[in-house]
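S.K.: predicted model follows, preceded by the sequence.
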Amino acid sequence: MKIGIISDTHGCLETWGKVFDAYFQDADLIIHAGDVLYHGPRNAIPAEYNPKRLAQVLNNCPVPIVTACGNCDAEVDSMVLNLPIQSPYSYLMLNGIRIVVTHGHNLTDETKQELAERLKATVFITGHTHSAAMEKCNGIIYLNPGSPGMTKRPDGRGTIAWINDNKVEILEIVTGQVLLSEDLA
């Protein structure tokens, strides 16, 4: 099973297309950790910003998408998307893997750990920071896939993640280089 993981697309249509074509078109499922369409009031509007068209593309995506609500997602986004934006988190059980997805903007490290442990998460996914990160603590993989189009990496290269072949990996989207990797077992 291959699960694509993305966050903080913020209406970046061209980047979504590149990521989907290169990494997600053969996925069984795509998990989005929030901030799907709107660029947010603190961010500059990216040149590729096209939330209306991105909504249409996501609505016609051949791969199912599960989405958690981000701090920039609003009720109006749910009106144009045919996929539910779940709040405050999504919980999935796939092939014995318990996945919790939340945007993370309202969680401290302590509350994140408490929630992950209470829900017996295998993988706990957040977004919001636009910076990719992953660590394994007490058997739980804490993952932030970063942002593909509005990254805060110094080199400006976007990131995504996936679960593939019993590994969780963060990839740099231009080269496909695996930046971080953790075994599920």
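M.R.: Thanks, I have the structure now.

S.K.: show me where this protein has helices.
M.R.: In the chain, the segments counted as helices under DSSP state H are 13-19, 51-59, 75-80, 109-118.

S.K.: what's the closest of those to Gln177?
M.R.: helix 13-19 (14.4 Å; Cβ to Cβ). The C-beta positions use only the backbone N, C-alpha and C, and glycine is treated the same way.

S.K.: leaving out the residues flanking it, which one is nearest to Pro88?
M.R.: Excluding the flanking residues, the one nearest Pro88 by Cβ to Cβ, 6 or more residues apart in numbering is Thr102, at 5.9 Å.

S.K.: and that neighbour, what does it touch?
M.R.: Contact analysis of Thr102 by Cβ atoms under 8 Å, 6 or more residues apart in numbering lists Ala33, Gly34, Ala68, Pro88, Tyr89, Ser90, Leu115, Ile125, Thr126.

S.K.: likewise Arg98?
M.R.: Tyr91, Leu92, Leu119, Lys120, Ala121, Thr122, Val123 are the contacts of Arg98 under Cβ under 8 Å, 6+ apart.

S.K.: going by distance to Ile141, which of these wins?
M.R.: Taking Cβ to Cβ as the measure, Ile141 sits nearest to Val123 out of these, at 4.7 Å.

S.K.: surely the closest one and Asn166 touch.
M.R.: No: the criterion here is Cβ atoms under 8 Å, and Val123 misses it with Asn166 at 11.6 Å.

S.K.: tell me how far Glu172 lies from Leu58.
M.R.: 23 Å (Cβ to Cβ, to the nearest Å).

S.K.: these two: which is more packed in?
M.R.: Neighbour comparison, Glu172 and Leu58: the larger count goes to Leu58, with 22 against 19 (by other Cβ atoms under 10 Å).
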